[in-house]
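>>> Fold the following.
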Amino acid sequence: MSAYWIARARMRDMEGQDQYARIIGDIGQRFPYQTLARSGQVHIVEGTTHFDRYFLHRFASVDSALAFYNSPEYQEAAAIRRAACDGCELVIMEGEDR
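All right, here's what the predicted structure looks like:
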């Protein structure tokens, strides 16, 4: 069953964001994922948010998404991301294959 990696962030260091993006692209060779959406035009239709960047990736399974997240390479990249943003959230959610 597919899994979805849903991330929101408020970036303050775009150079750090670019470095993070390059690293996770490389990690994707071991743990393949598909980017379904990346920022672009966002409409907040209910609630409030302080995030300015949104990412949606699809993995083959929750196990694959968690293996990606827990890999030493990703944890290094995550440290770069955390230093580059003023706030972030990441959720891995099981999807429904129909």
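>>> burial of the residue nearest to Cys85 when sequence neighbours are not counted, as a residue count?
Excluding its sequence neighbours, the residue lying closest to Cys85 (C-beta to C-beta, 6 or more residues apart in numbering) is Ala9, at 4.5 Å. C-beta coordinates here come from the backbone N, C-alpha and C atoms, glycine included. Per other C-beta atoms under 10 Å, the neighbour tally for Ala9 reads 22.
>>> Kindly report the same for the one 3 residues further on.
The tally of other residues near Arg12 (other C-beta under 10 Å) stands at 13.
>>> now swap in Gly25 and tell me
A total of 12 residues lie near Gly25 under the criterion other C-beta under 10 Å.
>>> Just name whatever secondary elements the helix or strand in which it is found is in contact with.
Applying DSSP states H and E as the criterion places Gly25 in helix 14-27. Helix 14-27 sits against helix 72-84, with contacts defined as 3 or more C-beta pairs under 8 Å, 6 or more residues apart in numbering; DSSP states H and E.
>>> in the helix it packs on, what counts as buried?
Tyr74, Ala77, Ala78, Ile80, Arg81, Ala84 (16 or more other C-beta atoms under 10 Å).
>>> Next: stretch 18-25.
Buried residues in stretch 18-25, counted by 16+ other C-beta under 10 Å: Gln19, Tyr20, Ile23, Ile24.
>>> shouldn't the third one be in contact with Ala79?
Same thing as Ile23. No. With contacts counted by C-beta atoms under 8 Å, Ile23 stays clear of Ala79, the gap being 10.4 Å.
>>> Can you lay out the buried residues of helix 72-84 as TSV showing distance to Asp63 and pLDDT?
Formatted as TSV, the buried residues of helix 72-84 follow (distance: C-beta to C-beta, whole Å; pLDDT from 0 to 100):
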residue	distance to Asp63	pLDDT
Tyr74	14	96
Ala77	20	95
Ala78	19	95
Ile80	25	95
Arg81	22	94
Ala84	28	94
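>>> could you dump the residues you listed to CSV with distance to Phe51?
Below are the buried residues of helix 72-84 laid out as CSV (distance: C-beta to C-beta, whole Å):
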residue, distance to Phe51
Tyr74, 20
Ala77, 19
Ala78, 17
Ile80, 18
Arg81, 13
Ala84, 14
